[in-house]
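Enquirer: Need the 3D shape of this:
(one chain, ligands or ions: 3)
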Amino acid sequence: METEQKITLRAPDDWHIHLRDGDALPRTVGDAARQFRRAIIMPNLVPPVTNAQGAQAYKARIQDSIPEGTQFEPLMVIYLTDNTTPEIVREAHAAGVVAAKLYPAGATTNSDSGVTDIKNIYPALAEMQECGMKLLLHGEVTTSDIDIFDRERIFIETILGRVVDDFPTLKVVLEHITTAQAAEFVASAREGVAATITAHHLLYNRNHMLVGGIRPHYYCLPILKRGDHQSALIDAATSGNPRFFLGTDSAPHIQGKKESACGCAGCYTAYTALELYAEVFERAGKLDRLQSFASEFGPDFYGLPRNTGTVTLVKSPWTVPAGLPMGEEALIPLAAGETLNWRLQAAE
Ligand SMILES: NC(=O)N[C@@H](CC(=O)O)C(=O)O
Ligand SMILES: [Zn+2]
Ligand SMILES: [Zn+2]
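Expert: Ligands and ions are numbered 1, 2, ... in the order given. This next block holds a predicted model:
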């Protein structure tokens with residue numbers, strides 16, 4: 001009898017996830033904790049998590065939702081606004097907050113309180129550089145005359161390059177990169193600049209979203225780009241370059257808000273995250289590099305210990321459920337109804 005194909009990895013972490021709050025938490029925290037040992041928790045709640053106190057209270061609510069017997073550590077982030085002061089940064093750092101997130105105002109889901117001009121947060125960035133707090137960025141400009149497909153590239157050209165130069169020892173993560181330009185920028189930037197890459201930007205390009213009918217579950221920000229950008233991202237993720245690591249950007253929006261005349265941006269990937277990444281790495285012939293991308297480069301960049309436990313993926317095709325309950329609502333996971341080759345084994 002043929003033996004089952006398996007891969008065992010050091011337990012992985014997710015360096016970018018949205019868990020939301022309230023009724024969503026049992027679903028989102030349960031799924032994240034089944035897949036990952038730690039996660040960087042995005043602060044774009046309404047209202048956002050903007051200081052130490054807010055981050056600690058949110059962390060406690062997340063911890064209350066961790067399934068019994070599961071090990072999961074939420075790593076907290078504050079949301080930068082025009083009013084974030086150096087003192088807010090210092091207090092957050094002292095309270096264990098690991099990073100602060102820049103959302104250009106209006107760039108994405110729940111970014112209305114975001115920064116309107118990068119100069120407004122220069123004092124906060126100086127303090128972050130000083131105390132070692134990481135800067136995470138949603139890297140898109142928001143000016144209405146800039147085409148949605150160009151917004152990441154122009155953000156890099158007009159804003160990111162300058163921030164990286166003006167704060168030469170600030171640790172910076174360009175989140176959920178979607179373009180060849182972003183991959184090139186990060187690969188050739190000064191030390192201390194990294195990027196997260198989602199499973200959906202590795203698996204899909206804009207044709208998947210738009211050819212033969214519009215598929216709202218593939219709609220996320222930054223938007224899926226053309227296939228050559230997807231190829232550049234696959235090359236970056238599987239290159240073994242420690243500047244690129246796993247961040248799902250899993251973002252739950254209920255079915256009715258996705259399948260709508262004006263649908264929300266965000267893909268729910270937490271339910272199948274590692275399986276989706278395994279698919280990509282296998283197709284690229286680089287399964288041997290999945291562990292460093294998923295479990296080593298992230299903690300190394302953040303200055304945290306690598307996890308000591310392991311997880312196992314078994315090659316055993318299965319069908320992703322058509323929907324998942326979330327509170328009273330339905331959530332459609334990415335790749336719903338599709339067959340995936342790899343399956344994460346439940347922790348023993
Ligand atoms: N990626 C998305 O399309 N959506 C995210 C926000 C974000 O990460 O930009 C969300 O919070 O829903
Ligand atoms: Zn974002
Ligand atoms: Zn996100």
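Enquirer: Beyond the strand ranked longest in the chain, next helix or strand please.
Expert: In the chain, assigned by DSSP state E, the strand with the most residues is strand 310-319. Next in sequence after strand 310-319, counting helices and strands by DSSP states H and E, comes strand 324-326.
Enquirer: For the stretch 51-200 of the chain, which residues are neighbours of ligand 2?
Expert: 108, 138 (Cβ under 5 Å from the ion). In short, each C-beta sits where N, CA and C put it, glycine included.
Enquirer: At which residues are the helices of the stretch 51-200 of the chain located?
Expert: Assigned helices in the stretch 51-200 of the chain, in chain order: 52-64, 86-94, 122-131, 151-155, 161-166, 180-188, 199-203 (criterion: DSSP state H, counting those that start in this stretch).
Enquirer: Ok, the stretch 201-348 of the chain next?
Expert: 206-210, 227-237, 255-258, 273-283, 290-291, 297-302.
Enquirer: Minimum distance to ligand 2: which of these has it?
Expert: For the helices of the stretch 201-348 of the chain, the distance to ligand 2 is smallest for helix 227-237, at 15.4 Å, taking Cβ to the ion.
Enquirer: How far off centre is the closest one?
Expert: 17 Å (Cα atoms, centre = their mean, to the nearest Å).
Enquirer: swap in stretch 339-348?
Expert: Remark: stretch 339-348 is offset 21 Å from the chain centroid, using Cα atoms, centre = their mean.
Enquirer: pLDDT below threshold where in the stretch 51-200 of the chain?
Expert: For the stretch 51-200 of the chain, no stretch is flagged by pLDDT under 70.
Enquirer: Most proximal residue of it with respect to ligand 2?
Expert: Taking Cβ to the ion, the stretch 51-200 of the chain has residue 138 as its residue nearest ligand 2, at 3.5 Å.
Enquirer: which residues touch that residue?
Expert: Neighbour list for residue 138: 101, 102, 103, 104, 107, 108, 111, 175, 176, 221 [criterion: Cβ atoms under 8 Å, 6 or more residues apart in numbering].
Enquirer: and of the helices of the stretch 51-200 of the chain, who's closest to residue 215?
Expert: Of all these, it is helix 199-203 that lies closest to residue 215, at 11.4 Å by Cβ to Cβ.
Enquirer: any residue of that closest one up close to ligand 1?
Expert: No. Helix 199-203 stays clear of ligand 1 (Cβ under 6 Å from any ligand atom), getting no nearer than 9.2 Å.
Enquirer: which residues sit in contact with residue 241?
Expert: If a contact means Cβ under 8 Å, 6+ apart, then residue 241 has residue 187 as its contacts.
Enquirer: what do you get if the cut-off is 10 Å, keeping everything else the same?
Expert: Shown in contact with residue 241 (Cβ atoms under 10 Å, 6 or more residues apart in numbering): 183, 186, 187, 194, 195, 235, 289, 292, 293, 297.
Enquirer: Report the buried members of those residues.
Expert: Among those, those classed as buried by 16 or more other Cβ atoms under 10 Å are 183, 186, 194, 195, 235, 289, 292, 293, 297.
Enquirer: closest point of the stretch 201-348 of the chain to ligand 2, which residue?
Expert: For the stretch 201-348 of the chain, Cβ to the ion, closest residue to ligand 2: residue 221, 5.9 Å.
Enquirer: which stretch of helix or strand covers residue 31?
Expert: helix 25-35.
Enquirer: how about residue 129, what does it touch?
Expert: 89, 135, 166, 167, 168, 169, 170, 171, 172, 192.
Enquirer: The third one and residue 135 touch, don't they?
Expert: Okay, so that is residue 166. No. Counting by Cβ atoms under 10 Å, residue 166 does not reach residue 135; the two are 11.5 Å apart.
Enquirer: Residues that sit against both of these two, list them.
Expert: 125, 129.
Enquirer: Those two: which is more packed in?
Expert: Higher neighbour count among residue 166 and residue 135: residue 135, with 24 against 13, using other Cβ atoms under 10 Å.
Enquirer: so what's residue 266 closest to, chain neighbours aside?
Expert: Leaving aside its sequence neighbours, residue 266 sits nearest to residue 251 (Cβ to Cβ, 6 or more residues apart in numbering; 3.0 Å).
Enquirer: residues near residue 75, how many?
Expert: Each residue near residue 75 was counted by other Cβ under 10 Å, and the total is 19.
Enquirer: hey, what's it bridged with?
Expert: residue 40 (DSSP bridges).
Enquirer: roughly how far apart are it and residue 88?
Expert: Counting by Cβ to Cβ, to the nearest Å, the gap from residue 75 to residue 88 is 18 Å.
Enquirer: try residue 217
Expert: Counting by Cβ to Cβ, the gap from residue 217 to residue 88 is 36 Å.
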